[in-house]
Every structure is written in structure tokens, then in C-alpha cells.
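Colleague: Generate a structure from the sequence data that follows.
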Amino acid sequence: MMISRLCNSAIARTTVNSLFAHVAVLLLGFILFLQPAHACSEKSLDAIFSPERSTQRLLDIEAAMARAQAKHGVIPKSAADEITRKARADLVPQSELRAERDIVRHRMVALLNIWRKSLNEEGGRYVHFGATTVDIYDTATMLQIDQVLAELNICLTETIGTMAVMALEHRDTVMIGRTIGQHAQPISFGKKVSVWIGEFRRHQDRLGEIRQRVRRSAILKGAVGNYSGLGNKAIAVEKSFAAELGFDEPYLSDWHGTRDVIAEYALFLGLMSKSRARMGQEIFLLQSTDIAEVRESLPASAVGSSSMPHKQNPIAPEALVQSGRVIPRLAEILQDDVINLFERDNISRQSPVITEISIATGSMMRTLNKLLEGLSVNATNMRSNIDRTNGFVMSQKIVFALAAHVGKTKAEAIVKDIIYHHRTGFRSFAEALRADHRISDILSRSQIEQLLDPAKIDLESQRQIERIAAGAE
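Modeller: Predicted coordinates:
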């Protein structure tokens with residue numbers, strides 16, 4: 001990743017300090033500023049599923065097959081040249097295609113009937129030569145998924161870049177860490193964001209792994225997947241066919257009856273939706289009135305309630321949570337499609353589901369990116385929330401400091417005893433500690449104050465955030 005290359009070496013050489021963090025924020029922000037506007041765009045993803053683009057994809061596949069067959073002497077090169085030359089969606093108008101399909105009730109035959117009108121006699125004779133419809137549409141699906149993954153990778157890169165800037169900017173912005181719904185220990189908001197970064201980098205890794213399998217899934221194996229009807233050079237033709245499409249060497253095994261790669265793609269989108277939903281839910285809670293540590297950016301015209309003008313309700317976080325329920329259900333449909341009848345069937349009608357789950361994923365990726373880009377952090381409220389327990393959340397620091405003198409087991413017992421007996425009897429944890437000779441005999445007043453200061457971020461925590469932001473994991 002570009003951000004990693006620019007910052008990783010600096011991380012390795014530089015002592016963690018505030019100056020470095022500020023410089024890194026500026027550098028990462030400048031890099032993001034230089035990226036093309038709206039890189040994660042709605043139009044680029046939606047266009048993949050447009051009728052015209054889908055028709056062009058099918059024609060490109062037919063042309064690639066013809067060139068591969070001509071390369072191995074299966075059909076004349078002149079026929080392949082004609083098919084390639086006429087592989088243009090404008091020669092198959094959508095209105096004519098729909099009308100023909102209503103007549104023949106077969107999508108491939110309808111396309112070929114319209115397209116052949118523009119081909120010469122030789123091209124018409126050899127187009128779709130020896131092929132079966134499912135191979136063409138399976139390959140089209142994989143090309144489609146590959147293009148979607150390329151677009152989603154752009155969105156993920158944008159997401160991670162925004163998070164990296166945010167993590168470094170808030171490396172030292174302290175907030176309370178919560179476990180099982182309770183105040184646990186102070187962390188920084190940068191640490192919280194670094195968790196998001198790690199999660200989404202793993203999603204990017206998964207995307208790359210899945211894409212490798214997608215790009216091996218061009219298929220030209222015939223009606224039952226054993227190359228029947230494709231000639232004695234069928235395996236070589238299929239390999240050349242994949243290369244013509246820019247794909248890698250195809251799997252030799254027939255996958256039409258398994259569809260596991262398509263299911264894996266869908267499950268990956270479902271998993272990503274759960275990550276976004278978890279983030280949406282957390283931001284939803286963090287911006288609730290009683291916590292008020294972050295705030296979603298909304299236009300002044302946004303209406304929170306029809307009856308309560310003061311309300312500013314969360315919008316993007318709600319959408320992320322809801323999509324985390326819907327997208328996995330769509331993924332289940334494609335997962336169920338792994339269960340098929342014998343060699344090949346056509347029960348599922350998977351194309352509409354692939355379209356829906358892909359577009360929904362792209363939409364929520366953009367929603368998350370906009371939410372992160374406009375998210376404001378209320379450091380004052382974060383600190384106030386830490387102070388609600390009057391210092392008692394710093395108990396672990398006292399235990400570790402005391403352990404050097406009396407051992408950890410005894411130190412923990414002493415601190416627990418103080419908390420149990422004095423949590424309500426003193427205004428603060430510091431008072432309770434100073435009043436107990438088991439502490440005051442070992443730790444001075446200034447030492448206690450320093451240990452109870454939540455703003456003192458541990459050096460390793462700072463390093464953790466900086467290294468994660470720079471991609472040094």
C-alpha cells in the first residue's frame with residue numbers, strides 16, 4: 001500500500017513522539033488529498049451490472065473464445081477476426097434483445113439471433129462454436145465478480161487510508177476502554193481506530209485471496225463439464241480462452257456444479273458487512289447523548305425528529321447495522337447454491353442475487369467512508385467519561401507499581417481491599433490510596449498522581465498505533 005511504503009521506514013527509524021505523529025498525519029492526509037476524487041464511486045460499480053455492459057461482456061467472451069479456437073486451428077482465423085470485429089454491444093440493441101428473448105425464451109439464443117444479423121456468413125457459422133450457454137454465463141459472472149472486487153479494493157484502500165489518518169491524529173486522545181459494557185481502562189481513540197484498520201486490512205487480504213480463485217474460474221468445458229463437443233484441443237483452447245480474457249490459467253476441474261468460489265465471494269461480502277455493522281453500532285452508541293464522545297457529520301437540513309427539533313439522530317450508523325443483517329442473508333442464498341443436482345442445473349437464478357449483494361456492498365462501503373471522513377471526536381467528553389469513576393479505573397497501574405515491592409498477588413489483594421472498603425467513602429481513588437499506609441508507605445503522593453493520570457499513554461501503545469497506521473504489522 002502506498003501509505004505503508006512512505007511511512008513504514010520512518011516508523012522504524014523514528015522515536016515515538018508527538019512531532020512524528022503530527023508529521024505522519026499531515027503526510028497521510030496529503031496522500032489522500034492527491035488521490036482522485038470519489039475513487040470509491042457509485043457509478044463505477046453500478047455500471048458493471050448495466051444491461052449494455054453485460055451484453056458487451058458476453059460478446060467479449062464469445063470473441064475471446066473464437067480467437068482461442070482459431071489459435072489452435074479449431075475454427076478459421078478469418079471467422080475469429082470477424083467475430084472480434086463485430087463484438088460490439090451497439091449491434092445488439094437492448095430493445096431487440098428483449099423482444100427476441102420474449103419469443104425464444106432463451107437468453108443466449110436471443111443474443112446470438114440478433115448478433116448474427118451483423119456477422120458475415122463465416123462469422124455466423126463459427127460464433128459460439130461447440131460452446132454451451134452455461135460456460136459463457138459462468139465466465140461472464142466471474143468477470144463481473146472480478147471487476148466488483150477490483151472496485152471494492154479501491155473502496156477498502158480509501159477506508160484504510162482514512163482510518164490511518166484518524167488513528168495517528170488521535171494517538172493520544174484518551175477515552176475509556178469498555179469491556180462487557182463496563183469501564184475498564186483508558187485507551188486512546190487512536191487505539192480503537194487501529195483495531196478497525198487491522199480488521200479491514202485482513203478483509204483486503206481476503207479479497208486478494210478470493211480474487212486469485214475468481215481469476216482461475218474462466219470456464220469452457222461443455223455441457224456436462226468434460227470438454228465434450230469442444231474437440232481434441234479443448235483443454236488448450238480453454239487455457240488460451242482465459243488468457244484472452246486477462247484471466248489466469250483455469251481450473252481443470254469442472255466447477256459449475258459446485259459454485260464454491262461464488263459462495264466464498266458472497267460470504268466474504270457478508271463478513272465485511274458484519275464488520276461495518278459492528279463499527280456502525282459502536283459509533284451509534286458512542287454518539288448517544290449519555291456518552292457523546294463522537295458525532296456523525298450531517299447537513300444542517302437533516303431532520304432528526306418530526307416532533308423534537310433538538311434531536312440529531314444517527315443515519316449512517318443505522319444504515320451500516322441494517323446492511324449487516326441484509327447482506328449476510330443474500331450471501332446465504334448464494335451459499336445454498338453450492339447444493340446442486342448432479343453435474344449441472346439452473347435452479348438458483350443467481351445473477352440477480354449477485355447484482356444485489358454487490359451493489360449493496362459498494363453502497364455501504366461508501367456510507368462507511370463518508371461517515372469516517374466526517375466523524376468528529378469530542379475529546380473533552382471522552383476525558384469526562386474517564387473521570388466518572390474518580391480514578392478507580394486506574395487500579396491496574398497501582399497494582400503493577402506496588403507489585404515491584406510486595407509481589408503481584410499481594411499487591412492485587414491490597415488494591416482490591418482498598419476499592420472494596422473505600423470506593424464510596426472517599427471522593428477519589430487517589431484519596432483512598434493516600435489514606436492507606438500499605439500504599440503511602442511505598443508510593444509517594446506525586447507517584448500516585450502520575451500513576452492515576454489517564455493522559456499518560458504507554459509508549460508501546462503509541463508504537464502500536466503508529467505501526468498499524470503505517471501498515472507495519
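Colleague: care to break this protein down by domain?
Modeller: 2-35+135-297+326-379, 47-129, 392-453 (automatic domain parsing).
Colleague: Can you say which of these is nearest to residue 460?
Modeller: domain 2-35+135-297+326-379 (9.0 Å; CB to CB). Every C-beta, even on glycine, is put in place using the N, C-alpha and C of the backbone.
Colleague: Would you check how far apart residue 173 and residue 250 are?
Modeller: 51 Å (CB to CB, to the nearest Å).
Colleague: for residue 158, same thing?
Modeller: Counting by CB to CB - residue 158 and residue 250 are separated by 32 Å.
Colleague: will you turn the domains of the chain into TSV that also has mean neighbour count, mean pLDDT and distance to residue 469?
Modeller: Putting the domains of the chain into TSV (neighbours: other CB atoms under 10 Å; pLDDT from 0 to 100; distance: least, CB to CB, whole Å) gives the following:
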stretch	mean neighbour count	mean pLDDT	distance to residue 469
domain 2-35+135-297+326-379	18	88	4
domain 47-129	18	97	32
domain 392-453	16	92	25
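Colleague: how about a markdown table for the ones you listed, with distance to residue 309 added?
Modeller: As requested, the domains of the chain are arranged in a markdown table below (distance: least, CB to CB, whole Å):
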| stretch | distance to residue 309 |
| --- | --- |
| domain 2-35+135-297+326-379 | 15 |
| domain 47-129 | 41 |
| domain 392-453 | 36 |
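Colleague: list the contacts for residue 70?
Modeller: 76, 77, 79, 80, 81 (CB atoms under 8 Å, 6 or more residues apart in numbering).
Colleague: now, among the residues you listed, which is nearest to residue 129?
Modeller: residue 79 (8.3 Å).
Colleague: you'd agree the closest one is in a helix?
Modeller: Yes - Residue 79: assigned to a helix according to DSSP: H, G, I helix; E, B strand; the rest coil.
Colleague: so what's it up against?
Modeller: 66, 70, 122, 123, 125, 126, 127.
Colleague: quick one: the nearest residue to it once chain neighbours are set aside from residue 118, how far?
Modeller: Computed as CB to CB, 6 or more residues apart in numbering, the closest residue to residue 79 that is not its neighbour in sequence is residue 126, at 4.0 Å. According to CB to CB, residue 126 and residue 118 sit 15 Å apart.
Colleague: likewise residue 459?
Modeller: 70 Å.
Colleague: repeat for residue 43
Modeller: When residue 43 is compared with residue 118 (using CB to CB), they lie 29 Å apart.
Colleague: One more: residue 332?
Modeller: Residue 332 is 42 Å from residue 118, by CB to CB.
Colleague: Could you do residue 229 as well?
Modeller: Taken as CB to CB, the span from residue 229 to residue 118 is 26 Å.
Colleague: one step back: what about the domains of the chain, which gets the closest to residue 465?
Modeller: domain 2-35+135-297+326-379 (4.5 Å).
Colleague: roughly how far out does the closest one sit from the chain middle?
Modeller: Averaged C-alpha coordinates place domain 2-35+135-297+326-379 at 3 Å from its chain's average position (CA atoms, centre = their mean, to the nearest Å).
Colleague: go on, stretch 383-396?
Modeller: On CA atoms, centre = their mean, the centre of stretch 383-396 falls 35 Å from the chain's centre.
Colleague: Pull the residues that contact it.
Modeller: 174-176, 183-186, 291, 293, 415, 419, 423, 427-430, 451-452, 454-455.
Colleague: Can you pick out the ones from those that are in strands?
Modeller: 174, 175, 176, 183, 184, 185, 186 (DSSP state E).
Colleague: Put together CSV for those, with distance to residue 142 on each row.
Modeller: Converted to CSV, those look like this (distance: CB to CB, whole Å):
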residue, distance to residue 142
174, 48
175, 45
176, 47
183, 50
184, 46
185, 48
186, 49
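Colleague: From residue 115, how far off is residue 223?
Modeller: 21 Å.
Colleague: just residue 219 next, same as before
Modeller: 21 Å.
Colleague: swap in residue 191?
Modeller: From residue 191 to residue 115 the distance is 58 Å (CB to CB).
Colleague: Check residue 358 too.
Modeller: 26 Å.
Colleague: what's the answer for residue 276, then?
Modeller: 41 Å.
Colleague: And for residue 313?
Modeller: 52 Å.
Colleague: next one: residue 69
Modeller: From residue 69 to residue 115 the distance is 17 Å (CB to CB).
Colleague: Over to residue 102?
Modeller: 17 Å.
Colleague: With residue 380 instead?
Modeller: 66 Å.
Colleague: With residue 411 instead?
Modeller: In terms of CB to CB, residue 411 sits 81 Å off from residue 115.
Colleague: And residue 298, by the same measure?
Modeller: In terms of CB to CB, residue 298 sits 50 Å off from residue 115.
Colleague: next one: residue 62
Modeller: In terms of CB to CB, residue 62 sits 8 Å off from residue 115.
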